[in-house]
Structures are given as structure tokens and as C-alpha cells.
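> Turn this into a structure:
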Amino acid sequence: MTPLWTAAEVAAATGGHASADFDLSGVAFDSREVGPSDLFVALKGEATDGHRFVPQALAQGAGGLLVSQPVDGPHILVADTAQALDALATAARARAAGKVIGVTGSVGKTSVKEALFAALDRTAPGRAHRSLKSYNNHVGVPLSLARMPRDTRFGVFEMGMNHAGELAGLTQLVRPDVALVTTVALAHGAFFADEAAIADAKGEIFQGLAPGGTAIIPFDSPHRDRLIAAARPHAGAIVTFGHGDGADVRARDGVKTSRGTFVQARMRDAEVSFTVAMPGDHWVVNALAVMAAVEAAGGDLAAAGLALADMAGLAGRGRRHILSPGGGQALLIDESYNANPASMRATLAMLGAERGRRVIILGSMRELGPDEARHHAELAGPIGEAGVAVALLVGTEMKPLADALEGRVELVHVPDAAAAAAQALRLVAPGDALLVKGSNSVGLAGVVDALVRGHV
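As a prediction, this is how the structure comes out:
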């Protein structure tokens, strides 16, 4: 079996010195995630030093160590392990002959990344690669690149940011053949003057496009022209997706069925029909972005359609659970991983299409900046349109929304996720449709776990 890396290759890529010859099958920087024959990268952070965990990594079967100080065990010694990881990522990208896709956006980037992987893995079974979890920052992106097998036909990489300039650096590592922006919305607003500034930061992804690469842009975004202007100096082609008549990839029709939404779409070079299993209009738009990227990367559109029809929700990003309160059944929609005003509106609209009493457990939206109170209060409108009967609000930032909903719904406001978990178990009744959503730092994943454990 061809190794992911040899010690000699890692040493050559990083400018380091290998203590011995050894083969590697993976790369990890968390010693708890090290598997047999993995390269453990001992990163130095503000809180801890990865070199402290070298014995644990070796005990778990690490095949080699990337270190900046002498250690016992097979290793490559470098001056700086963070810089060495970036260098290894650059080498992985340089040896890749397949197509690489970069994905960013204020909403939906992880879901679109996973859908793209599923679609391209259908095209080339076993030869598609993607960043795991939400490894989308200055450490996660190079790690994901370093893990890419040499015979990869399609690589899909998520890139995130919360400050201007971050994506400019990440995209130079990824060097995508296709760069996709899912959407632009208010997220990390505390670090940006306005939404236009967020659009400019998202547009940095196009700066790293490989020669002749394709930029994929949301047509219906109010920042479409700003993104197109950012892409034009770097892209060989610009493709838009959305509902609008001028979009290059556009849904001509969408029909709700028992299996999802049946979509007829116009591509640049074809007309296609497919089913999107995930509910909600936002997932139709996500699917158009996926199909646009698959077409640009030379993937199989028919196979992509089959993948979209089979795709289930991700934990924290739309996964659905059937609960059994009081001997009946209730639907739990887990959107606990993240939240901003745009994604809140989209998922509340999705909840509004469900049958039964509608219940929400909403956590605070973080990093919204000086208009935080207004953005929370304005959720009262979408909540009313969704026909919500019961609202459990979590976090101090939710007080403006609690005030706006007073007397309009059955309302409980608690300070934290621990208090929410205790309340949530008493809220759910047979026939309910329950949405759980909030910023990840609020900890609503624990509320979801409590609901699932308490109603099985």
C-alpha cells in the first residue's frame, strides 16, 4: 500500500532532518486522534505545547513525529512545527493532480463541503478527499491538505475566517481550481464594519485560484457584483447560482415530494433533474452551488444528483431525530452548531413547513457587533411566520427577543444550556416539531443529547 508520506518526503517538504526511514498513513495534531502510522505534529499553542503529548502519540501508534526539539522516537526535526505543517500542506497541493475545490461562506459552508464530497465520491469512489469536521482555520486547513492522498482525484476544502486577511492566506495554501462562496450574511459582525466588508473578506478566496480556475458566486446575494469584481482579476470563469433569471445555474422548478424537493435546474451546459433530500429552500440553493462546483470540476452531474437525494443531515447542522415522548413521536431538528440572523431565518422557515406544534430552543447568536440586540429582537418576525407555539430561549443575549415575544408564545428564558436541558425534557410532547439552534459556544449540542437520551 502506497504511504501517504515517507520520512524522506516530509523532511524534503519541511526542510527538516529525519531521524530514520519510516512510512506514514495519516497526519494529526491532536494526540487523542493519532492512529497507527500517523505523523503527530507537535504544535506549540498559547495554552499548551504539543511536545508534552509525544509519549501519548507514540503509545497510540504514531509512526513518526514532527517536532522542533529532540525527542525519543522516530521523528523529523524542524525549526518551527507550524511553519513545517504549512510547508507539508504546500507539498501536498503541489503533488496533487486532481481538481481542488475551496468552499467558504457565512452560512452553509460545512454542509456544502460535505455534499460536494458525497457528490464527487460518487464520481470517483475512494478518490475524493475533504477536510473533516470544521477544520477550516490556519491549523485545520493545512492539516487537511497534508492528509490528502497523492492519487486524489477531487479534494474539497472548507475555509473560514472571522477577520479580514485570513482567507487570503488560506487560499494561497489550497490554490483551488474551483472557489465557491455559499452566501454572505452577518456573521462575526463584531469584527467587520458592515456586511459589505464581510463580502470583501469572503472574496479573498478568489485570490488563490489556480490559473484558469472557476469562481462560483451566489447570484441572489446583494453582494453579487462585489464578489464578481473580487473574482474577475483571478478567475478564468465566473459562474453564478441561485433562483434569479440571470443565474448561470438556476432552479427552473422545485416540487416538494415525500423524499425531499424535486428540482429541475439549468446548468451552463445541460438541463438536469435531481432530488434534494434535505428540507428547506436554503438546501435547494445549496444544491445548486454543489452542482455548479461539480460541473466546474469535471464531475458527474448524474452521480451528484444521486448523492443529494441520499444525503442526511449532519450533527448540529440539520440532523433529524425521532423522539418518543409519552409513547408518541416528535421530530427534533438539530441545528445546534452555529447561528447568525440569516441561518436563523432559513431554519425557522423550514420549521414552519413541518406538521404539529412547533417548538424552538434558540441560543444566543454571538459576535454580531453593536447591533446585537436588534438582530436578536428581529427574530420575532420569522418566529411568528413559522407558527411557533413554544419558545425556550438560552443566553443573556436573548433578552431582547424574549421581550419581543412576551405574550405571543409560551415563553421560557434561561441563562445557559444546563438550565435549558432541564427545561427541554419537559417541553416535548407527541406530535411536536422541535428546532434547536444557536451559536456553538452556547452549548446546545448538550441539550440535543439530553433530549435524545431522555426520549428514546
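> From now on I want contacts and neighbour counts done on CA atoms only, so please keep to that.
Will do.
> contacting residues around residue 326?
429-430 (Cα atoms under 8 Å, 6 or more residues apart in numbering).
> ditto for residue 3
The neighbours of residue 3, taking Cα under 8 Å, 6+ apart as the test, are 23-25.
> In terms of helices and strands, where is it?
In the assignment (DSSP states H and E), residue 3 maps to no helix and no strand.
> for it, phi and psi?
phi -70, psi 160 (degrees, to the nearest 10).
> Quick check: it vs residue 25, distance?
5 Å (Cα to Cα, to the nearest Å).
> How about residue 175?
Going from residue 175 to residue 25 by Cα to Cα gives 24 Å.
> Ok, residue 370 next?
Residue 370 is 47 Å from residue 25, by Cα to Cα.
> Give me the more crowded residue out of these two.
residue 25 (19 against 11; other Cα atoms under 10 Å).
> ok, that one - contacts?
So, once contact is read as Cα under 8 Å, 6+ apart, residue 25 ends up touching 3-5, 36-39.
> who wins for neighbours among those residues?
residue 39 (32 neighbours).
> Let me know the helix or strand that it is in.
Residue-wise, residue 39 maps onto strand 38-41 under DSSP H and E.
> CA atoms only: put that strand into CSV for me.
Extracted as CSV, the C-alpha positions of strand 38-41 are listed here (Å, rounded to 0.1, in the frame of the first residue of the first chain):
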residue,chain,number,x,y,z
ASP,A,38,0.2,8.6,11.7
LEU,A,39,2.6,11.6,11.8
PHE,A,40,2.0,13.5,15.0
VAL,A,41,2.6,17.2,14.6
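> neighbouring contacts of it?
Among residues not part of strand 38-41, those counted as contacts by Cα under 8 Å, 6+ apart are 24-31, 34, 50, 54, 57, 61-67, 81, 85.
> Over to stretch 413-431?
Under Cα under 8 Å, 6+ apart, the answer for stretch 413-431 is 324-331, 355-357, 359, 361, 392-396, 398-399, 402, 434, 442-444, 446-447, 450-451, 454.
> Can you pull the domain assignment for the protein?
5-81, 96-310, 319-454 (automatic domain parsing).
> In JSON lines, list these along with distance to residue 90 and mean pLDDT.
JSON lines is the format used below for those (distance: least, Cα to Cα, whole Å; pLDDT from 0 to 100):
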{"stretch": "domain 5-81", "distance to residue 90": "8", "mean pLDDT": "96"}
{"stretch": "domain 96-310", "distance to residue 90": "6", "mean pLDDT": "93"}
{"stretch": "domain 319-454", "distance to residue 90": "30", "mean pLDDT": "93"}
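> and of these, who's closest to residue 89?
domain 96-310 (4.5 Å; Cα to Cα).
> and the closest one, how far apart are its ends?
29 Å.
> Now find how far off-centre it is within its chain.
Distance, stretch centre to chain centre, for domain 96-310: 11 Å (Cα atoms, centre = their mean, to the nearest Å).
> can you offset everything so residue one is 590?
Let's use 590 as the start, then, which means that last one is domain 685-899.
> Mind naming the longest helix for the chain?
helix 870-886 (DSSP state H).
> Going by neighbour count, which residues of that one are buried?
870-886 (16 or more other Cα atoms under 10 Å).
> Around the residue lying closest to residue 984 once chain neighbours are set aside, how many other residues sit close by?
Leaving out its chain neighbours, the residue that sits closest to residue 984 by Cα to Cα, 6 or more residues apart in numbering is residue 1004, at 4.5 Å. Other residues near residue 1004 come to 17 when the count uses other Cα under 10 Å.
> go on, residue 791?
31.
> again, but for residue 840
Residue 840: 24 neighbours (other Cα under 10 Å).
> Quick check: can you name the pairing partners of the helix or strand containing it and their directions?
Using DSSP H and E, residue 840 sits within strand 838-846. Here strand 838-846 has these sheet partners by DSSP bridges: strand 826-831 (parallel), strand 849-855 (antiparallel).
> residues making contact with the first one?
Under the criterion Cα under 8 Å, 6+ apart, residues 801-809, 817, 820-821, 836-840, 874, 877-878, 881 lie in contact with strand 826-831.
> how about it: buried residues?
Here strand 826-831 shows 827-831 as buried, counting by 16+ other Cα under 10 Å.
> Can you tell me how far residue 995 is from residue 594?
Looking at residue 995 against residue 594, where the rule is Cα to Cα, the gap reads 60 Å.
> where does residue 729 fall, phi/psi-wise?
With angles defined as degrees, to the nearest 10, residue 729 sits at phi -70, psi -40.
> What is the neighbour count of it?
Other residues close to residue 729 by other Cα under 10 Å number 22.
> Tell me the spacing between it and residue 998.
Applying Cα to Cα to residue 729 and residue 998 gives a distance of 42 Å.
> try residue 962
Counting by Cα to Cα, the gap from residue 962 to residue 998 is 20 Å.
> One more: residue 595?
Distance from residue 595 to residue 998, by Cα to Cα: 61 Å.
> what residues are up against the most centrally placed residue in the chain?
Most central in the chain under Cα atoms, centre = their mean is residue 699, positioned 1.6 Å from the mean C-alpha point. Applying Cα under 8 Å, 6+ apart to residue 699 gives the contacts 722-723, 747.
> ok, back up a step: give me the helices and strands touching whichever helix or strand comes after the strand holding residue 628, please.
Remark: after strand 627-630, the chain's next helix or strand is helix 643-648, criterion DSSP H and E. If contacts are counted by 3 or more Cα pairs under 8 Å, 6 or more residues apart in numbering; DSSP states H and E, helix 643-648 sits against no helix or strand.
> Show me which residues of helix 643-648 are buried.
643, 646-647.
> Over to stretch 934-941?
934, 936-941.
> would you turn those residues into TSV with distance to residue 796 and secondary structure?
Shown next, in TSV, are these (distance: Cα to Cα, whole Å; DSSP: H, G, I helix; E, B strand; the rest coil):
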residue	distance to residue 796	secondary structure
934	31	helix
936	32	helix
937	35	helix
938	35	helix
939	35	helix
940	38	helix
941	40	helix
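> For residue 663, state which of these is nearest.
For the buried residues of stretch 934-941, the closest approach to residue 663 (Cα to Cα) belongs to residue 936, at 49.5 Å.
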